[in-house]
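Enquirer: using only what follows, build the 3D model:
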Amino acid sequence: MTRIGRAIEQIVINTRWLIVPFLLGLIIGLLALLYAFVVKLGKFVLHVRGAPEEEIFVGILKLVDFALTANLLLIVISAGYQNYIARISLRDKPNWPDGLLGIGFGGLKQKLLGSIAAIAAVNVLEWFMDIDRSVDNVKLGWVVGILLAFTLAMLILAIADRISESREEKSG
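Expert: The predicted model follows:
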């Protein structure tokens, strides 16, 4: 029975390699996002000369939105690799950024929700800066509501993680 158990254990643990195509797909998505960013940046630079300040601010916010989304993808790629494929030691890679190494599941949840809330906040700010042209109070209400929902979810997760950490410290 132990031989069968070990074989099943090996199959289960080796299924982690099925994550690799997803991570590669996210890397391709990051490259596609980079391409879209460069195109958007080129259009922005070409039209910034005679544009009103509000349009410049909205254009910059859209570029920030791209950057935040790229950061989110990078966090997911790095955490997915380290949590399921192979650990990367900070001692082995001293020049690597701390934000990409040692991201556990709790940290990943916080970073994901934080990034999503920041992206939503940028979108709300875009709407606010462009309010004269896009006066759709219902849509703006939904955007603000979604931002608040993400913020509340992030707060609840932070509290849950704090409670869980304090319980682990008491028991361990």
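Enquirer: tell me who's in contact with Leu74.
Expert: Leu30, Leu100 (Cβ atoms under 8 Å, 6 or more residues apart in numbering). Every residue, glycine included, has its C-beta placed from N, CA and C.
Enquirer: what score does it have for pLDDT?
Expert: Looking at Leu74, its pLDDT is 90.
Enquirer: before we move on, what about Lys62?
Expert: The model's pLDDT for Lys62 equals 87.
Enquirer: surely it touches Lys43?
Expert: No. In terms of Cβ atoms under 8 Å, Lys62 does not count as a neighbour of Lys43; the distance is 9.9 Å.
Enquirer: the more surrounded of the two?
Expert: The neighbour comparison of Lys62 against Lys43 (other Cβ atoms under 10 Å) goes to Lys62, with 17 against 12.
Enquirer: and that one, what element?
Expert: helix 53-80 (DSSP states H and E).
Enquirer: next one: stretch 68-87 to chain centre, how far?
Expert: The chain centroid and the centroid of stretch 68-87 are separated by 9 Å under Cα atoms, centre = their mean, to the nearest Å.
Enquirer: no more questions from me, cheers.
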